Structure formats: structure tokens, C-alpha cells
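S.K.: Requesting a structural model of the entry that follows:
(2 chains)
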Amino acid sequence: MPRYDFKSIESRWQKYWEDNETFKAGDPSSATEKLYVLDMFPYPSGSGLHVGHPEGYTATDIVCRHARMNGRNVLHPMGWDSFGLPAEEHAVKTGTHPRETTEKNIGTFRRQLKMLGFSYDWSRELATTDEDYYRWTQWIFLQLFDTWYDAEHTWTGPDGEQRVGRGRPIAELPIPDDVAAAGDEAVRRYQDKRRLAYISEAPVNWCPGLGTVLANEEIVDGKSEVDGHPVERVALKQWMLRITAYADRLGSELDALNWPESIKLLQRNWIGRSTGAEVDFYIGTESFADWTSARGQQGWPEEASDDVLRVYTTRPDTLYGATYMVIAPEHPFVERLTTAEQSDAVQSYCRAASLKSDLDRTELAKEKTGVFTGSYAINPVNGQQVPIWVADYVLISYGTGAIMAVPAHDLRDFEFAVTFDLPIVQVVKPPESWEPSKDEKAAAAEVNGEQMTPFSGRGTSVNSGDLTGLPTDELKQKITAQLDDSGLGRSAVNYKLRDWLFSRQRYWGEPFPIWHELDADGNPTGLMRADEPAELPVLHPHMDDFQPTGTPEPMLSKADDSWLYKTAEDGTRLKRETNSMPQWAGSCWYFLRFCDNKNGEAFIDPALEKYWMPVDLYIGGAEHAVLHLLYSRFWHKVLFDRGHVSCPEPFHQLVNQGMILGDTDYSLTADDYEANAELIAERGLDPLRIRTDDGERVALRNPSDDSTKYCPLKDDQIEKRGRSVFLKGTELQLSGRTDKMSKSRRNVVNPDDVVKDYGADSLRLYEMFMGPLEQVKPWSMKGVEGVHRFLGRVWRMVIDDRAEELALHESVSDADPTADQLRVLHKTIKAVGDDIGKLSLNTAISRMMEFTNFMSHEDVRPKAVLQPFLLLLSPFAPHIAEELWAAIGNTDTLAYEPWPQYDESLLVEDTIELPVQINGKMRAKIQVASGLDREATQAAAEADPAVQKHLAGGNVVKVISVPGRMVNFVVK
RNA sequence: GCCGGAGUGGUGGAAUUGGUAGACACGCCGGAUUCAAAAUCCGGUGGGCGUAACAGCCCGUGCGGGUUCAAGUCCCGCCUCCGGUACCA
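M.R.: Purely as a prediction, here's the structure:
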């Protein structure tokens, strides 16, 4: 086997690792330090692995292999996020059970990952669809159901940190006397409203055309992705998770994590904490003076009563400028506040708003719409009457669903006031230096014959009664304190983050372990019962067909009665919850189960949790920067509060790999194509129409037998003239782009093909050599060939590729290394080790290429130099490294060989080349002994003839001499 | 619009954090080997001026300013591209 035969090498070593369970994680032990390295587990789609997957997987594999060689006990597992829509859609089309499809796809993914030689501990493999797995997903849901959030509770967790606020058992929820007095049922309803998992009415996307409920991602522009049927929003009882209770901790506990700052920021913005004040505007019929004095005595009520409209504002300092109010169309007071004359207008406005999706509402952002209710409220600071409007630019889901409008200092209010001719009162004077922002300028309008520009920044108050003349920040505090004293308002915090809509109407998701009580007529009473943990898992009902229900009812409501109903021991009829959990559920805690995936008694053994958690390094795509990571952190914190896990955060270090784009694709506009279709056909090129954001384009491809294979134009088929690109020999201008890989563009590279042609080691190496891990990078087949050639050179550096049998290259010997060889080796050891630590894997590979380029030219290649190099190479290209390691005379796998150590003293070169600058321009290079001091370096520079030539006739004003770096003469 | 990231040869990308810009590759050009090809090996390769050849010089990290002995790197002002987000009061 003289040639580098990657096929046989790779399959042989993969079998060896599997047979010997080489990468099984060790048991917890105090002697070895643990390392938990995790990849975001994939959704096993029908199309199999994509070259984007192995990017992060290779990086983590390198880290793990390196860590094992450094004596760490490494946990590196893989599994499948296998619930999800596509398998169910396939079931609708073909009748194949989603489980069957899922298992087939998992099989493909597993085969493909094993073919890449990743060092996963496969004994820990799991799928979220395993009954033994989702049993515990349901169990965690019951924990959420059993928990309420005590925002006042001060406590110290097992991590030694003191916190305020804790999720506690629902049994510990204090029950007010009047509720307790009302009886057991009232208590249960009181508790149900406060659980972290609760039921609430929420809109679902109901598509009558398809007879099914759709997920948000199945909707494009308010129409179903399939066939473009219109989608309606229908209110349905749905499960919600109270993630907002944890908003503060989810924000503040990000600080200590070793995550990219940009991702932390993304999460903070998503949580969107803002501080301001809640203020009550009086809408009652009694006298305003009586109401304010009553408030002064009784103080601020927790729950707003019916005689006030409560608003949230971040700018309480502008209260004097509030000239009208707006409530959301869904606000509970709409009906009450609407006068008879306005009734028709308000009703039709609200109905129209309810049909609009969120997207439609924002689409119309330019044009403000709304309608007057006919009612007025009283501004608490100046007693003035202000009209109350209904408008959809106010969202029911944020704050109190009502605002005080300050048109002079809020762009949206300003636009609205201009549209409906409402009064605008300036209460903040801008600072002298103020220049209107782009937005402010754009909003500027003519009001009463005068040009007005809104000002939304900070300044000094005017027209604000006693509080005139104060800077914005000071006034905010002062007015909030005054409102608080008089019981008219108080400081408040709000979040953009909403509670998590946790139910779907699908079959292929975890069923809820919840029963609804029915009354004698079979109608739900609104009371619920949870399954006992011992009764889990709640399995899916058997179904013969997966056709949609034809109503907004969930798929599981089609189950037969034996699944849907039962009678409790106390005789109560019960009906099962028929919603299912979203795909996010299973991925919220899989990293915990990997620590102890066979445990039948608990979701995780506490000792194993304590040993392995948290995940030390977590690598995955940035598309999960917000939702998956936020949801997981939320669940983890609930489990932490309830004492089930010992650390407050699940992922210590997070790295996002950059997307891999397709190889450069050349295309022309549809018009150009039509005009030149013949020319293109003559050249035997395949036109491919592609829809893009800015119209249709036609990509030109080379023909291929395999229609799925991506064959873009090659460099010799195009011609560059200046900045433009033309189809070679024509006047046809093309544009070259690198796009996201997608089926519709047909530019997807299949790892199977790459492995077949170049081998797994080449694929792994190329994935890392392309560029920095975090960066977006275009794929290039030429690049794969490049690293493949490198592996060939490594092979020939060690092996005699002309021999019939496997034999070492004649230059390989037992001789002692030369000083040069040692220096190059040790520099490489240092560089590669440092680079792995920084995840700078592309440069690590460069360093190994430099080593190979050097060593291949040596006539004597001591094993003492080659062996450590093979160890350095092994995390990157493990198959060839194992093969050469064996060829050179070792009998055991190198997976646990100690990582080579470098000797600092061997790194120093005898002489170094230094640049000499004159006035900052490089003019000469001098050879000096390394370690030369400042003066001697300068003297050496002055002695150089080239330097002397430049210094001649000049006046040396200053000399900067940095030993080991450079010398600079400043000459006048 | 706002937030984040990035602009370096024909291409992907390096540059010890202010100290020789273009490491390592791809591509291209020339050569060796070969009956020929593939594979492999050797040499060259930022642009320009210049030389018989060396030498030498000028320009050059998106654009315009600035700080510094010295700027791809720091500061100010722009431009372009990519990603996220969307009336959050």
C-alpha cells in the first residue's frame, strides 16, 4: 500500500476506534479534570448532512482529541433533535409514520458522522424522540407546572451566590385569606394562574385552505408557504411558559459567561429591559380632586381599578406634554370607553386590526391609523382632559397596552398627532448643540402653518409647571418620586421579552402530561390535573392517518377515546391535553441527559450532574443565538431554583461557527438570458432560474449526470476585464456571487461526495483551513484539493510511495535530530498548541504545512522529530496520523499519547533579521545575534553600509531601537 | 431606521495586539520528469518605474482626515457589503 489510500485507512481506523471504545468518556474521578465539549445537535433532516455541519463538529473534535492527549477526562456526545415538522409533513403526504422517517434520517446522519471520524462517545447517543428521553422532557414540564416565581425570595444557591427571586413549589405559594375562604376550587384556580406553565388564550395561525394550523415558519407574507393560502389568526387556549419571570436573571447572569459579547448583546436586546414609570390616568365619573386625594391617602394599588387607565412610559418627565392617550385595539377597556357615536367606527377598526398579522401591522408603519373612542381621561399632573384613541401602533402585549402620547417628544405619537390633528405641546427644550436625527427629520411636518420637528432626546424641561427648567434625567427621578408619594404612579420595569408560547397543534411533538377535568356534560371546567411522574412517558396515540383535522383543533384530538379520556379515582371524567410541545422543548436540556443517558430513575444523577456540568465549550450556529440559548438557560434556572442542578448557567463558553457559503456562482439577469439563450445553449451550459430578493436571475452551470451536483463555471470559462466578468469569448456580462447553500439554488455540497473523492481527513482539514471558525466563508473544491495534497506530502514524508509493501521512506531514521530540525519541531509544537487553545485552527494547519515543507527537504528525517509531529497532526487528521504512527513502529492508538511539550530554549534562533527604518521607511535588513541589547542593536544598524548611505548628509535627531524588533533613525 | 460584524493580491486568508504587510494555501506563469497524460518535484508571482542583469526607487490593507519615530492595527468623519431586528411607549 504505497500510495496514500485514504479509503482503506479511514475505514480501518474507524472500526478500530469503535471496536475498542476508544472515545468512551471516563467515570467521574477526582484525579482527572473533566472537559465537557458539546456540539449543537442537529435536526436529522431527510437531505442528510450538509458541509456546514462538520465545521463546528470538526472544531470540537480537535479540541477533544487535544484535551485527551493532555490528560483530560473528556465528555463529547452526539444526539438528535428529532421532533419536528418535516417528518410530519412527510407523513401527511405519504402516510409513513413520522417515527419511521425520523429513524431512517437518524441512520443517515449517524453513518455520515461516523464516516468523518469524530471522537464521540456513541454510547451516550440519544434522540429527543426516544420514549426514554421525552419521558424526562415531560417530567421537566411537570416541574415548571409545579413552580411559581417568588420575586421577593432572597436565597443563596449551591454556587454560593445570593439571589433575589426564586422558582418555588406551588404548594408553598401563599394563599390570600379570601381565596382560601372561597374553597378548594378557588385555591386551585389561584395557583394555576401563577404557575410557570399556564394556559392562556393566544392566537394561532389557522389556514382554512389547508385545514390546518401552521407554525410561524410555515407562513410567508401572511400566506401559507405551501400553495399560498391566506392565514387567519384564531384565538385558542394555549400553554405559555413564564420566562418573563426570569428576564432579569437571564440578562444579568450573562455577564459572567465566556460568550461573544455580540451574542450577549443580542440576548440583552431580545430581553429588552427598560425602566420607567407606570402612571394612572383617571377615567372615572367622580371628581378628579376627590380621586387624587383618595389616592394620596390609600397609595398606589397593585391592580389597576376600572376608573383608571394605567400606562407605562420610559419618559415620565414628559407627562406635561401628554396631550392624548392611545389604547391597543385588544385592550379590555375598549368597549367601555367607546361612546355611542363612535361605536361603529371603533368596532370596525378593532375587527380590521384583529385580522391583520403582526407583519401587516408593521408593514403599515408609515401610515398611522386609529379612531377616537369618544372618551377622555385626566392627566394626573395638570388635571387636563385628554382624548383617548384606539390605534394599532400600540401593542396589547407590551407594558399595559395603553400609552400616554407625547407627540412633541415621541416620533410615533408625533406622526399620529399630525395625521389626526391632535395638539402638540413642547415640554423638553433640546440642548443648543442638537441636530435632528435622520428619523426626526423624516418625521418633521407642517403643523398650523409652521414647520415642526419632534425631539426625542434629552434636554431641559419647559412648560412643565413647577418642574420647569430641570434636565431630563433629574426630572425623571423627581417626577417619579412625586407620583409615588401621591399614589398616582410608581417606577416600573418592562421587558420586550414575552412569555413563551409553548404549545403546537402537531402530532410529532411531546404530548403534555396534563388532564383537563370535565363536568357532567363533558365540558372542561378549566381545572387541570398533572400526570404522576411514575406514569410518564405519555406516549403518542396510535394514528392511522396524519391528515390535518380540518379545524384549528390539534392533531392529537383525533386520537381515539381510550387515549383521550379516563376517569379519575374520585370519579371525575378527564380529557387529555391535545396540544403538543414545540421542537425547542427537547433541546432545552439534552446536554444534561448526555451526562447520564441511561438513568431510569431520574433525569440525571446529581453526582454526575455535579461532575460534568456545566458544558465547558458549546459550538453551534449563530441562528440559535437567541431562542435556543435563551430557552435552555431559562429551563436550567428553573431546575437550579428547584434544586435539580448545581450550576445556574448551562454553557460556560460559547462559540458560533460562521456559515459556509456555496462556491462562486455566475449568473445573469433574466432579460440578458432571454436575449442570449442560443449563445448559452451553444456552449452546452445549463441555465438555472433562481428567484432572489431583487428579481429573477439565471445561473449558468456546467452539465452533469447528477442533477443534484453543483457544477459552477470554472475560472477558465470566464474572462475578467477590469472589474467586470464576462462569459469567455463573449460580450455577455456575468455577476459572480457566493450564496447561502440551498436546495433551490442547487449549490449544496454533499460531504459524502467530498469524502468519496478526497477522504474524511481532507474534508476535516479543509473545513478548518478555510478561515477563522466564526467567520462566514465560501466553499471551494480547489481548496479541498489543496489540503488533500498536503496530506499526500505528509504521507510521502514518512512512507516510501514507490514500494510495493508499506515501508518507511528511506530518509526516515533513528538518527538524532539536528539543531535546525529540533527548532522547527518545537516552534511547531508551540504554535499548534497555542492555536488550538485559541481555536485558531486555520493557522495551526498552516504551521503544520510549514513543518512539512521543511522536513520533506531533509535527507535525514529522525523519528524523534516525525513522531511528535504526527501527534500534533492527529486531532486534525486522525486517520492518517494513526496510520503513520503505526507505520513508524507504534502498536497502540495515539489517542491517549501525551501531547508533545516544547522546550523554550530550543525556540531561539542564533541570528535574527531585523528591519532598519529611516524616517519610518524600511531601508535595510541586518543580521544580528538574537538577544542583542538596545545599544548593540543600534550599533549594528549604524554599521550597515546601506544604512550609512541613507544616513549620509542627514542629521540624526532620534534613534528608536527596540531589541529583537527593529531600529528606526529619525533624520532631518 | 436601529443593533452587531466585516472590508488586506486574481481568490481563501496571515500579521507575536502599534514595529519587515501579503505567512500558509488556491489560481496563474515557467521548468523538470513522462512516448504522452495524470500525479509529483523545482522556480516565479501585489502594482508601477527602473536595470543588460543586480541594485535602487515610488505606490499599496474600502474612502477622507488625524495621532505617532512608526498605523492593516489607535482616534474622528464617511462609503459599501453581510447578519439580526422591526411602531416595545
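S.K.: Is RNA strand B within reach of the host helix or strand of A:Val916?
M.R.: Following DSSP states H and E, the helix or strand that holds A:Val916 is strand A:911-918. Yes - contact between strand A:911-918 and RNA strand B, assessed by C-beta under 7 Å from any atom of the strand, occurs at A:912-915, A:917. No exception for glycine: its C-beta is placed from N, CA and C like everyone else's.
S.K.: Go through stretch A:517-531 and flag the buried ones.
M.R.: Of the residues in stretch A:517-531, those buried by neighbour count under the rule 16 or more other C-beta atoms under 10 Å are A:517-518, A:527-528, A:530-531.
S.K.: which one among the residues of strand A:911-918 next to RNA strand B gets closest to RNA strand B?
M.R.: A:Pro915 (3.3 Å; C-beta to the nearest atom of the strand).
S.K.: What is the neighbour count of the closest one?
M.R.: The local packing count at A:Pro915 equals 14, with neighbours defined by other C-beta atoms under 10 Å.
S.K.: Beta-bridge partners for it, please?
M.R.: With DSSP bridges as the criterion, the beta-bridge partners of A:Pro915 are A:Lys925.
S.K.: That one and A:Val928 touch, don't they?
M.R.: No - with contact defined as C-beta atoms under 8 Å, A:Pro915 and A:Val928 do not form a contacting pair (11.3 Å).
S.K.: for RNA strand B, what are the nearby residues on the stretch 751-900 of chain A?
M.R.: Counting by C-beta under 7 Å from any atom of the strand, the stretch 751-900 of chain A comes close to RNA strand B at A:769-772, A:775-778, A:780, A:782-783, A:785-787, A:789-790, A:792-793, A:796, A:840, A:842-843, A:845-846, A:849-850, A:852-853, A:856-857.
S.K.: Quick one: mark the members of those residues that sit in helices.
M.R.: Among these, the members falling in helices (DSSP state H) are A:769, A:782-783, A:785-787, A:789-790, A:792-793, A:796, A:842-843, A:845-846, A:849-850, A:852-853.
S.K.: May I see the domains of chain A written out as residue ranges?
M.R.: Domain segmentation of chain A under automatic domain parsing yields A:6-142+A:584-659, A:274-494, A:663-748, A:754-900, A:909-971.
S.K.: Can you check the distance spanned by the fourth one, start to finish?
M.R.: Pointing back at domain A:754-900 there. 31 Å (C-alpha to C-alpha, to the nearest Å).
S.K.: measure stretch A:795-805 end to end?
M.R.: Using C-alpha to C-alpha, the span of stretch A:795-805 from its first residue to its last is 14 Å.
S.K.: Show me which residues of it are buried.
M.R.: A:795-800.
S.K.: confidence score at A:Leu359?
M.R.: Note for A:Leu359: predicted pLDDT of 55.
S.K.: Please apply the same query to A:Thr362.
M.R.: As summarised for this prediction, A:Thr362 has a pLDDT of 59.
S.K.: Please apply the same query to the one 5 residues further on.
M.R.: On pLDDT, A:Glu367 comes in at 80.
S.K.: quick one: contacts for it?
M.R.: In this structure, A:Glu367 makes contact with A:Thr419, judged by C-beta atoms under 8 Å, 6 or more residues apart in numbering.
S.K.: what ranges of the stretch 351-500 of chain A fall below the confidence cut-off?
M.R.: Within the stretch 351-500 of chain A, the set of residues satisfying pLDDT under 70 comprises A:357-366.
S.K.: next one: phi and psi at A:Arg633?
M.R.: Backbone torsions of A:Arg633, given as degrees, to the nearest 10, read phi -60, psi -40.
S.K.: and it, what is it in contact with?
M.R.: Neighbouring residues of A:Arg633 by C-beta under 8 Å, 6+ apart: A:250, A:253, A:649-651.
S.K.: and the residues you listed, which of them are in helices?
M.R.: Counted as lying in helices by DSSP H, out of these, are A:Leu250.
S.K.: Closest to RNA strand B out of the contacts of A:Arg633?
M.R.: Closest approach between the contacts of A:Arg633 and RNA strand B, by C-beta to the nearest atom of the strand: A:Leu250, at 15.4 Å.
S.K.: Distance-wise, check the closest one relative to A:His644.
M.R.: Per C-beta to C-beta, to the nearest Å, A:Leu250 is found 18 Å from A:His644.
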